[in-house]
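**Student:** sharing a model that was predicted from the sequence below.
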Amino acid sequence: MTDFDELLEELKQKRDELRLQMHLASKEIKDEWEDLEEKMEDFAGKAKKFSDDAKLKETGTGIGEALEAGCWGVGIARYSNYMDINSLEEADAMDPADFERRVEKSRQILRSGGPHYVIDEPSELIDVVADVNARLACGERP
């Protein structure tokens, strides 16, 4: 066998190995994708159930409306009217200590309305949804 033939055989073997690796990788990716889709569908169902039973409000009046409607009440402190901030730019330019005082004041006012939850950021809703679903599973209602 010539050097050329050996090189060709080596390349064919490498090609076959890579083809197998690509096949295995695509199977693994497909499995991960299917798992992710299943989790997304599960979360979407839970989020739908949550949105049917919860009201997100930024004022005490809004929280009262949610509670009167028999819904889970959630106040979002950093984006409530009680922050007295009109834009994200205004919030960014604010002294951090003043901003934190306003957040704490907003939390206190929202809590006084009796919501089930007071959170700072919308990103915290994932934990609220999980907790509400656990409470619902135990038969608890708002």
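**Tutor:** On my side now, so go ahead.
**Student:** tell me where the chain has strands.
**Tutor:** Listed in chain order, the strands found in the chain under DSSP state E are 54-57, 72-76, 117-119.
**Student:** tell me which strands the second one pairs with, and in which orientation.
**Tutor:** In the sheet containing strand 72-76, the strands it pairs with under DSSP bridges are strand 54-57 (parallel), strand 117-119 (parallel).
**Student:** return the helix or strand in the protein with minimum mean pLDDT.
**Tutor:** None of the helices or strands of the chain scores lower by mean pLDDT, DSSP states H and E than strand 54-57, at a mean of 50.
**Student:** show the model's pLDDT score for the residue nearest in space to the middle of the chain.
**Tutor:** Centroid-nearest residue in the chain: Ile126, 4.4 Å away (criterion: Cα atoms, centre = their mean). According to the prediction, Ile126 has pLDDT 89.
**Student:** try Ser87
**Tutor:** On the pLDDT scale, Ser87 gets 86.
**Student:** how near is the closest residue in space to Ala91 that isn't next to it in sequence to Val103?
**Tutor:** Counting by Cβ to Cβ, 6 or more residues apart in numbering, Ile85 is the residue found nearest to Ala91 once chain neighbours are left out, at 5.0 Å. Any C-beta I mention is one placed from the backbone N, CA and C, and that applies to glycine too. Ile85 sits 10 Å away from Val103, going by Cβ to Cβ, to the nearest Å.
**Student:** ok, those two, which is more surrounded?
**Tutor:** Ile85 (19 against 16; other Cβ atoms under 10 Å).
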